[in-house]
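What follows is a predicted protein model with its sequence.
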Amino acid sequence: MNDVSFASLLTPEGRALLDEVRGTEPTRELAVATRLRREHPAELVSAALGQARLRQRAAAKFGAEDAERMFFTPNGVEQSTRTSVATYRAERFRALGVRSVADLCCGIGGDAIALARAGIRVLAVDRDPLTAAVARANADALGLTGLIEVREADVTEVDTTAYDAVFVDPARRGGRGRIFDPEAYSPPLSWAVDTALKAPLAALKIAPGIPYEAIPADAEAEWISDGGDVKEAVLWFGTEPGLVRATLLPGPRELRGRGLPDPDVRPVGRYLYEPDGAVIRAHLVAEVAEDLDGGLLDETIAYVTADALRPTPYASAYEITDRLPFNVKKLKALLREREVGVLTVKKRGSAVEPEELRRKALPKPQGTNAVTVFLTRVAGGPPRVGGGPPPPPPARGAAGWCLD
């Protein structure tokens, strides 16, 4: 999609065509396109069908109601913030007393929309003409033009002194895919940090896998997961320097770092706890282990073991009923004996692919029981296997076996 084809979608003819192709299934696209091209320009028909596909993809992030009214680009759908995460961040800005935000590298406007819905005035800036036009159209489509000003400009040339806070979401993808070096972001992380330090309050969105040593000492670092999936990390300036936190959505639930040393390795207990991904990324496994009166299975593996079942939102609990060295034949026999029909395989510290092991160990599911198998190291030893039935579910707990 280019600027011209997008502009055509905003015309009365384009909007009527968008309504007509809403929900078109991929298998029907060719027939629908052939019919519509008899009455409409081919480029407009292609743009409308392409937008319909993007809206269907975007529903998972933005919700069906908003997605059906918004406009998207392929990169916009891929890189935009999930609504639940953007809403959480906007509420945090609001709670900090922020009334205006300069949203730099705004993309198609996902964060700007959440900020505006929180009652915050937003300057949304992006240097790409098409992306800025899409963000402007989205503000209009959702009735937020009174709170969102979209500006097509280079973010490094924008004066943000009139705003209470700055939010920067640098581009972390290039022509070859995901960018891992923070200085290769566009704009670089160093520029974003310098900009943040000049603002009363700022938040910088970064990749969850950012090297710990790249986090400035005067920043608060927050990792956010939604439904157990790690979505992003954010550096906050002007809040609590040096704080590390994991935030779990929905909720939110917040685990703060307490500066604990690494947990001790201890013998395998009755339960295995799998910390949430945000907890692991934030290096807060020690905090979870202390709260559970547990320890690590292995000093290099982020699995916690404990003797008691304690409800926690920060880890999923599994009861361990079986332990055995890694052996596919023995595991297969055990699954058959336990009449397992649904098998989930999790692993850490092993090169074995979970799906491959699942196929080999349970080629023809015949039972009705469900189990989770963990393939992991214990106390520095080779990968082994184990598992068990479900305990009473604590928070987001699940049932399983542990193979060590």
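Yep, it's here. Numbering: from 1, shown residues only.

Next, count neighbours for the closest residue to residue 154 other than its chain neighbours.
Leaving out its chain neighbours, the residue that sits closest to residue 154 by CB to CB, 6 or more residues apart in numbering is residue 127, at 5.0 Å. Using the backbone N, CA and C atoms, a C-beta is placed for each residue, glycine as well. Other residues near residue 127 number 18, with proximity taken as other CB atoms under 10 Å.

Tell me if I'm right that residue 127 and residue 152 touch.
Yes - at 6.8 Å, residue 127 and residue 152 qualify as touching, with contact defined as CB atoms under 8 Å.

so where's the stretch 1-150 of the chain uncertain?
Counting by pLDDT under 70, the stretch 1-150 of the chain has low-confidence residues at 1.

residue ranges of the strands in it, please?
Residue ranges of the strands in the stretch 1-150 of the chain, as given by DSSP state E, counting those that start in this stretch, are 100-104, 121-126, 148-152.

by contact count, what packs against the longest one?
In terms of contacts (3 or more CB pairs under 8 Å, 6 or more residues apart in numbering; DSSP states H and E), strand 121-126 is packed against strand 100-104, helix 110-117, helix 129-141, strand 148-152.

how near is residue 269 to residue 288?
Using CB to CB, to the nearest Å, one obtains 14 Å as the distance from residue 269 to residue 288.

Between those two, which has more neighbouring residues?
Taking other CB under 10 Å, residue 269 and residue 288 do not tie; residue 288 has more neighbours (25 against 18).

Work out which residue lies at the spatial centre of the protein.
The chain has residue 231 as the residue nearest its centroid, 1.7 Å off, counting by CA atoms, centre = their mean.

about what we covered before: figure out which of the helices and strands packed on strand 121-126 is closest to residue 365.
Proximity to residue 365 (CB to CB) singles out helix 110-117 among these, at 40.3 Å.

which one of the strands of the stretch 1-150 of the chain lies closest to residue 260?
Residue 260 lies closest to strand 100-104 among those, at 34.2 Å (CB to CB).

That closest one to strand 148-152, inter-axis angle?
Following axes from the mean of the first three to the mean of the last three CA atoms, to 10 degrees, one obtains 30 degrees for the angle between strand 100-104 and strand 148-152.

The residue nearest to the centre of the chain in helix, strand or coil?
Local secondary structure at residue 231 is given as strand here, using DSSP: H, G, I helix; E, B strand; the rest coil.

Identify the residues contacting it.
Contacts for residue 231 (CB atoms under 8 Å, 6 or more residues apart in numbering) come out as 81, 82, 85, 208, 224, 225.

hmm, try it at 7 Å
Residues in contact with residue 231 (CB atoms under 7 Å, 6 or more residues apart in numbering) are 82, 85, 224, 225.

do you know how far it is from residue 116?
With the distance defined as CB to CB, residue 231 ends up 21 Å from residue 116.

Double-check the residue nearest to residue 154 against residue 151; I have them as touching.
No - with contacts counted by CB atoms under 7 Å, residue 127 stays clear of residue 151, the gap being 9.6 Å.

re the thing from before, for residue 293, state which of the contacts of residue 231 is nearest.
For these, the nearest to residue 293 is residue 225 (23.9 Å; CB to CB).

Doesn't that closest one belong to a helix?
No - the assignment for residue 225 (three-state DSSP) gives strand, which keeps it out of a helix.
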